Structures are given as C-alpha cells and as structure tokens.
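> I'll drop the sequence and a predicted model, then ask my questions.
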Amino acid sequence: MKQRIVSLIVIFIALALVGCATQAQAQSAAQQTATVQRGNLTATLSAAGTAAAQAQVTLAFQTSGQIKAINVKAGDQVKTGQVLAQLDSTALEMAVAKAQVALETSKVKLQQTKEGPTAAEVQSAKASLASAQAAYQAALNKYNLSDAQLAVARAQVDKVSATVQRAQLAYNWEANNWLDADPTQSSQKTALDDAQSAYDQAVLSYNQTAAGINDSSLQSAAAQVASAQYALDKLLNTPTPEDVASAEAQVKQDEASLQQAQGQLAQASIVAPFDGTLADVYAQVGQQAGTSTEIVALADLSRLNLAVTLAEVDMPKVKAGQPAEITFDAEPSQVFTGTVTEIDLVGTTTSGVVNYAATISIDHPTDTLRSGMNASVSIIVQQRENVLLVPNRAVRSVGKTKTVTVVNGGQSSAASVTLGLSGDTQTEVVDGLHEGDVVVINQTTTTSGSTR
C-alpha cells in the first residue's frame, strides 16, 4: 500500500512537470522578441501643406494709357528685365527728346561761358561802341553844341571804366587763386565794388549832363554810346564766377528734367522683375489701362515653397534649417526634399486651437509641380547616429519609470531603462541595456490547459 502511494506521487509530480513545461513552451511561443542593436534614429513630425511659388507677382503699369503691345503669353519663360507689355508712349518719347536737346544746349552754353567771349564778339562790341560814338559826335556837330561838359563827363566815364576793368582783372585773378578760400571777402572784391559804384555814378552824371541838352537826337545818341560801352565792358570782364555757377546750375536742372522724362517713359513699360513663367495675361492690346489695372502674373516656378500649419505642441520641436521629406498628392510615388526656412512668430487661433504657419523650401522641384498642389511633409526634427535602439513596443511605463522585459537563458526579467529620442517605431536607449540584449516586444501569453 505504501509502495502504491509512492508510485502515485511520482506520477503526479511527473505530470505536473510536463504540464509546467508545456505551459512555459506555450507562453514562450506567444512572446515576440527583438535584439538590442546599434543604428541611426530619425524623429519626424508630420504636417500637410500647399505649394506656392517663392516669387509670384501681379504686374501693372505705373502710369495710364492705351496698351500698345503685349509681348508674351501665358506659359512663356521670361528673363529679368524683359519687356512684357507697353503703352502708347509717343508723347513721352517726344518729351525725352526735348529734354535731351535742352541738356545738350545747356552743356554747350556752359562750355562757352567757361571759355569767355570770342575775338569776333569783342571786335563786334568795339565796332558797336565806335559806331555809337560816331553817331553821337555827328549829332553833336550837327547842332554845333559845345561838348565841353559832355567831354568832361565822358572822360570821367572812360576813367572809371578803366578803373573797373583793372579792378575786375584783379578780382578774377584772386577768384582763380586756390589759396584764397573765399574771394568775395577779399580786398580785390571791395575795390571792384567801389570802382563799379564810381562807374555807375559817372554814367549817371554823364546821362544827366546829356539830358540837360534839349535835343532828343543827341540824347538818344548819348544813350547808345553808354549802352555800347556797358556791353563792351561786360563782355571784357566775363566770365565771372557767378556766370559759371549759373551755367552749371542750368546743366544740372536739365539733367534732372531728362531723368524725369526717362522715368515717365519707363513707367509705360512692364518689365520682368525676375526670371520666371508667365502664369496669366489679364489684358489685351488697345485696352485703356490705369495704375490699378492688372496686366500679367509672373511666377518663379523653379523655386517652390510649401506652406504648412503646425500645431502649438509641435512648435518647440521645429526650427529653421531642418530638412524635410515631401510627397505630393499629384505625384505620390516621388519623394521630394526640402528645408524649413521660416516659422511665424505669431499663431492663429481657430475654435480655441492655436496653429503656426511655417514655410518649407522645396529642393529641385520638377516641371510637373504647380503652385496650389497639396502635399504631405515629414519634418526631420532630430537625428541620432550609432545609438542603442529598441522597438517602441518593448517599452512599458510603470509610473514614471520606463521598463523592458529582458530574456536571458530562457528567463525573463524586468529592467529599468533611461530613454532618449523616440522615432516612429524605435527608441534610443541611453542606459539600462547593452547591445545584443534580447527584449520582449509582445507580452501576450497563451495559457495551455494541463491534464491532472
């Protein structure tokens, strides 16, 4: 009896061992494991956006008029500075021509002023004076009038005229002397002013003397002499610094007038501000156009941007300069690359949700891409190289502690780990595991019944 009991106990123990082994095998079969290994990890952030040309403008004329020519059509490739459309500019072209003539004339006059009077002009002025003096003498002789008074007055005029000429020559020399910073404050200037005043007084005295003679012909002849003398004196004393300054000012004024006319003519043409593609043409030849009339639209399709919207929680992760991968709905099989170039500082609130706009520059866009196309984008926010990696499914949270189940020699045990960057499927392990460790990534177990 005792032997039978011992036999039953042995059989029971054997069956229990077989049952435990079977259950352990079933649990082991249900577990999925992975080996901790080194590799590169990329963390991305997904967003959606719409493509837009980096440079896109609608162009209009800067003045009003009738459209004379539209030199392009939609789809044309144009270069910077190319004339796209023109107004009838006949009147503006005439204004430019007149301004050019005026400028050339003032330049010639400036040169002549600097050179002074020609010998022919001086000779002509002297001849005019001699003729006036002869006419006056003839008138005086005709009426047998005594010219003693006039002779004295005339002599005084001649005397002070000579003084004026000498003073003018002295002042001109001083004005051209680079050592004198301000010739108008010199003693020569004072002497010239005094001489001129004396001359004016002598002429006045002479004219008063002549006026005392009751004969209009003689008075007229005397006035002609004075006028001819003044003209000759002025000619001999030119150019003055004031004459040159006045001529130079006229040249500058005419240059400004020409630039203004040329600018107004340029406003009658629309030129391409950059290389690009004519997106659309809104006007036609013969149409009246104003400064607000849209004529053409130009876009640089060789440089496309992607305008995306980022959630508030994603803002700390995204920075300018981060790379991105882009897939367009129109070309789902091709992946384009890009770079984050701009992130708005101020968000937009919609129904209590704050979003931020960001811009991604698309690298090497193809001809098939168009402004307005929708796309999905993955922004690469962080990257790690040669780090320990475990599948995300292997990580468990126990409060604030992160754990994984390590399998070693058929035995499973929990290990606390310190994690780093997380990607879509894998996570960086900073501490707690070693390369080659085997971890459980599926805790599901299946319990097999055993026969007792």
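Looks like it arrived, so ask away.
> Name the helix or strand for residue 66, please.
Taking DSSP states H and E as the criterion, the element that holds residue 66 is strand 65-70.
> actually residue 428, sorry about that
Residue 428 is part of strand 426-431 when elements are defined by DSSP H and E.
> tell me what the helix or strand following that strand is packed against?
The element immediately downstream of strand 426-431 (helix or strand, assigned by DSSP H and E) is strand 438-442. When contacts are defined as 3 or more Cβ pairs under 8 Å, 6 or more residues apart in numbering; DSSP states H and E, strand 438-442 packs onto strand 32-35, strand 374-391, strand 401-408. To be clear about C-beta, it is placed using only N, CA and C from the backbone, and glycine gets the same treatment.
> partners of the second one in the sheet?
Strands flanking strand 374-391 in the sheet, each with its direction: strand 37-53 (antiparallel), strand 323-328 (antiparallel), strand 426-431 (antiparallel) (DSSP bridges).
> now the shortest one
Each strand that strand 32-35 pairs with, and the sense of that pairing, follows from DSSP bridges: strand 438-442 (antiparallel).
> related to what we said a few turns ago, could you give the angle of the strand holding residue 428 to strand 401-408?
Note on geometry: by axes from the mean of the first three to the mean of the last three Cα atoms, to 10 degrees, strand 426-431 and strand 401-408 are set 90 degrees apart in direction.
> Pull out the buried residues from strand 426-431.
Buried residues in strand 426-431, counting neighbours by 16 or more other Cβ atoms under 10 Å, are found at 426-429.
> How about stretch 126-135?
Buried residues in stretch 126-135, counted by 16+ other Cβ under 10 Å: 128-129, 132-133, 135.
> With respect to residue 230, which of these is nearest?
Taking Cβ to Cβ as the measure, residue 230 lies nearest residue 129 of the buried residues of stretch 126-135, at 9.5 Å.
> before we move on, the earlier item: now tabulate the strands paired with strand 374-391 in JSON lines and tack on mean pLDDT and distance to residue 339.
Listed next are these as JSON lines, based on pLDDT from 0 to 100; distance: least, Cβ to Cβ, whole Å:
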{"stretch": "strand 37-53", "mean pLDDT": "90", "distance to residue 339": "14"}
{"stretch": "strand 323-328", "mean pLDDT": "94", "distance to residue 339": "6"}
{"stretch": "strand 426-431", "mean pLDDT": "92", "distance to residue 339": "24"}
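> Which one, of those, ends up nearest to residue 222?
Residue 222 lies closest, by Cβ to Cβ, to one member of those: strand 37-53, at 84.2 Å.
> Let me know the next secondary structure element after the closest one.
Next along from strand 37-53, by DSSP H and E: strand 56-59.
> now for that next one, which elements pack on it?
Packing contacts for strand 56-59, counted by 3+ Cβ pairs under 8 Å, 6+ apart, involve strand 296-299.
> neighbouring strands for the helix or strand that comes right after the strand it packs on, and are they parallel or not?
As assigned by DSSP H and E, the chain's next helix or strand after strand 296-299 is strand 304-311. Counting by DSSP bridges, the strands paired with strand 304-311 are strand 37-53 (antiparallel), strand 353-362 (antiparallel).
> I'd like to know how far the residue nearest the centre of the chain sits from residue 320.
Nearest residue to the geometric centre of the chain (Cα atoms, centre = their mean): residue 273, 10.7 Å. Distance from residue 273 to residue 320, counting by Cβ to Cβ, to the nearest Å: 26 Å.
> again with residue 304
On the measure of Cβ to Cβ, residue 304 and residue 320 end up 18 Å apart.
> same check, this time on residue 254
To residue 320, residue 254 is 51 Å away according to Cβ to Cβ.
> So these two - more neighbours on which side?
The neighbour count for residue 254 versus residue 320, taken as other Cβ atoms under 10 Å, is higher for residue 254 (19 against 11).
> Residue 397 in helix, strand or coil?
At residue 397 the chain is in strand, as set by DSSP: H, G, I helix; E, B strand; the rest coil.
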